[in-house]
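>>> How does the following fold in three dimensions:
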Amino acid sequence: MNCTLLLLSGRRSKLRSSLRSGLTDRSKRPNGFTLMELLIVMAIIAILMLIAIPTVGSLKKNANRLSAIQSIRAIQQAEMQYESTYPANGYACTLASLGGDPSAGAPSPTAAQILQPDITSGFKSGYVFSISNCQKVTVNGVDRVTSYVVTGVPQTVGKSGDSGFCSDQFGTIKSDPTGATNCTQLVQ
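The predicted structure is shown next:
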C-alpha cells in the first residue's frame, strides 16, 4: 500500500510541475498582434477603401441626378398648378413666385406657396435650378406669361453631377451630357 501511495504522489508532483511550466511558458508569450499582422490588416483596409471610394462618389452623383430630374418634374407640376390658379398671370417666371412662407399669409401670385423651400432657393442636391426665357403676352394691360424654360445644372460639373437638365411648358425633360443648358437628349 505504501508503494501505491508513493507512485500516486510522484505522479501528482510531475503533473503539478508540468502545469506550472505550461503557465510560465504562456506568460512569457507577448500579448497582442505582431507588426506583420498589423501591416497586413492595414493593407487590406486600404485596398477596400480604394475600391469603395469611387463607388460612393458615383452613387452620390447618381442620387443627385435623380434628385435633379425629380426637382424639374416638381417645378413643372408647380407651374401647371400656378397657371391654373392664376390664369391671368400665366406661368411663374421665378422660383420665388412658386414658393412662399405659409405663415406670411394667403397665397398670392408673388408667393403661391406651391413648391418646397429647398427647391425655391434654387439649390438642391448639388444642382442649381432656375426659370428663364419667359415669353409674355400683354392682354388688357396685364402681362401673361405663355412659356418658360426650367433648367437644372450641376454646381460643379463632374463632382456634384455630370448632366444638365431642361424642360419647358410642354413637359418634356431633356438633358445636356456636358452639364450645361443645351439640352438635346430626352430623359427617360
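>>> ok, which stretches of this protein are strands?
123-124, 127-139, 142-154, 164-168, 174-176, 185-186 (DSSP state E).
>>> Quick check: which of those strands is buried the most?
strand 164-168 (a mean of 22; mean count of other CB atoms under 10 Å). All C-beta atoms are positioned from the backbone trio N, CA, C, and that covers glycine.
>>> Need phi/psi at the closest residue to residue 157 other than its chain neighbours.
Computed as CB to CB, 6 or more residues apart in numbering, the closest residue to residue 157 that is not its neighbour in sequence is residue 179, at 3.6 Å. Main-chain torsions, residue 179, degrees, to the nearest 10: phi 90, psi 10.
>>> Run through the residues that contact residue 179.
Going by CB atoms under 8 Å, 6 or more residues apart in numbering, residue 179 touches 153, 154, 157, 158, 161, 162, 163, 164.
>>> Can you give me the pLDDT of the second one?
Taken from the predicted model, the pLDDT recorded for residue 154 is 96.
>>> about what we covered before: how close does the residue nearest to residue 157 get to residue 101?
32 Å (CB to CB, to the nearest Å).
>>> how many neighbours does residue 99 have?
Close neighbours of residue 99, defined as other CB atoms under 10 Å, add up to 20.
>>> can I assume it is in contact with residue 117?
Yes - Residue 99 lies in contact with residue 117 (CB atoms under 8 Å); the separation is 6.1 Å.
>>> Contact partners for residue 174?
By CB under 8 Å, 6+ apart, the neighbours of residue 174 are 165, 166, 167, 183, 184, 185, 186, 187.
>>> bridging residues for it?
residue 166, residue 186 (DSSP bridges).
>>> Equivalent analysis for residue 136, please.
With DSSP bridges as the criterion, residue 136 is bridged to residue 145.
>>> you'd agree it is up against residue 148?
No - the pair residue 136 / residue 148 is not scored as a contact, 10.3 Å apart, by CB under 8 Å.
>>> so residue 131 makes contact with residue 149?
Yes - counting by CB under 8 Å, residue 149 is a contact partner of residue 131 at 7.2 Å.
>>> Now do residue 103 against residue 135, distance only.
From residue 103 to residue 135 the distance is 34 Å (CB to CB).
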